[in-house]
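1. Give me coordinates for this.
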Amino acid sequence: MPEILPALYLSLKVALIATAINLVLGTLAGYLLARKRFIGRELLDTILVLPMVLPPTVMGYYLLVLLGKQGSIGKWLGDTFGINLIFTWQGAVIAAVVVTFPLITKPARAAFEDIAPNLEKMATVFGASRRQIFFNVTLPLAWRGILAGVLLAFARALGEFGATLMVAGSIPNETQTLSIAVYEAVQAGDDALANKLVIIISLVCITMLLSATALAKWKRRG
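-> This next block holds a predicted model:
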């Protein structure tokens, strides 16, 4: 357990923070794509979904180019605030946010599109503001679909490997997540440790998937 706990703690921290960020950003993006009509909407949707289909190492390379010391964002952060995100746990969070973003955005968009527009129009007739309609009508009707996406995103963030390895590296007790620890254990020939780590990741992911499936069935019944 002393070998497992640091990686488990870091993985949970990264996954929770990344999922919380995407809960806000992904929900807003899903609402924007579902409710607004503008030029380039489907192109934007395609770009936002790219992390789901691109190899994680490719996403990791893009992040290195952007966040590295000579990258457009990384150089600005370093020169302005003295912040370096490469080979840090914060870099792992950013990698997890980017990779799991579509897993919340797509279900959120579908959930918002399933809501009958008449329900929101009725609230407008009764004098509700846009903010009140969103929080009191739209969001309560879409929360099941959003929550299903959140569970999937958390499981994916917990097991993220390629982009995290390229951006955060594999520094024990600092940036080594569970999935990277599995890779290191296999490389070192420590099958016992690898088996323990794999079981932990598998159990958490199975739990998340079962929960998402149950929510989807509940949504259909509702």
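2. Please count neighbours and contacts with C-alpha atoms only from this point.
-> Noted.
3. Now residue 180. Nearest residue, chain neighbours left out?
-> The shortest distance from residue 180 to any non-neighbouring residue, by CA to CA, 6 or more residues apart in numbering, is to residue 161 (6.1 Å).
4. Could you tell me what pLDDT the model assigned to the one you found?
-> Looking at residue 161, its pLDDT stands at 89.
5. For residue 4, see how far away it is.
-> Distance of residue 161 to residue 4, computed by CA to CA, to the nearest Å: 17 Å.
6. And the two? Which one has more around it.
-> Neighbour count, other CA atoms under 10 Å: between residue 161 and residue 4, residue 161 has more, with 25 against 17.
7. For residue 183, see how far away the more buried one is.
-> According to CA to CA, residue 161 and residue 183 sit 9 Å apart.
8. same question, residue 58
-> Noted for residue 58: a distance of 19 Å to residue 183, by CA to CA.
9. can you check residue 73 too?
-> Counting by CA to CA, the gap from residue 73 to residue 183 is 30 Å.
10. Same question for residue 38.
-> Going from residue 38 to residue 183 by CA to CA gives 44 Å.
11. Neighbour count: those two, which is higher?
-> Remark: of residue 38 and residue 183, residue 183 carries more neighbours, 15 against 9, as counted by other CA under 10 Å.
12. Checking the nearest residue to that one once chain neighbours are set aside next. Helix, strand or coil?
-> Excluding the flanking residues, the one nearest residue 183 by CA to CA, 6+ apart is residue 194, at 7.8 Å. Secondary structure state of residue 194, per DSSP: H, G, I helix; E, B strand; the rest coil, is helix.
13. Contacts only, for the residue sitting nearest the centre point of the chain.
-> The structure's the chain has its C-alpha centroid closest to residue 100; by CA atoms, centre = their mean the separation is 3.1 Å. Contacts here follow CA atoms under 8 Å, 6 or more residues apart in numbering; on that basis residue 100 touches 19, 22, 51-52, 153-154, 156-157.
14. how about TSV for the residues you listed, with distance to residue 111, pLDDT and neighbour count added?
-> Below are the contacts of residue 100 laid out as TSV (distance: CA to CA, whole Å; pLDDT from 0 to 100; neighbours: other CA atoms under 10 Å):
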residue	distance to residue 111	pLDDT	neighbour count
19	18	94	30
22	16	95	26
51	21	90	19
52	19	87	16
153	16	91	28
154	19	90	28
156	20	89	19
157	22	91	28
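15. Look up how far residue 136 lies from the residue nearest to residue 180.
-> From residue 161 across to residue 136, the span is 38 Å (CA to CA).
16. Skipping adjacent residues, who's closest to residue 59 in space?
-> Spatial nearest neighbour of residue 59, chain neighbours left out: residue 163 (5.9 Å); criterion: CA to CA, 6+ apart.
17. Enumerate every residue touching that neighbour.
-> Residues counted as contacts of residue 163 (CA under 8 Å, 6+ apart) are 56-61, 95-96, 99.
18. List only those of the residues you listed flagged as buried.
-> Among the contacts of residue 163, the ones that count as buried by 16 or more other CA atoms under 10 Å are 56-57, 59-61, 95-96, 99.
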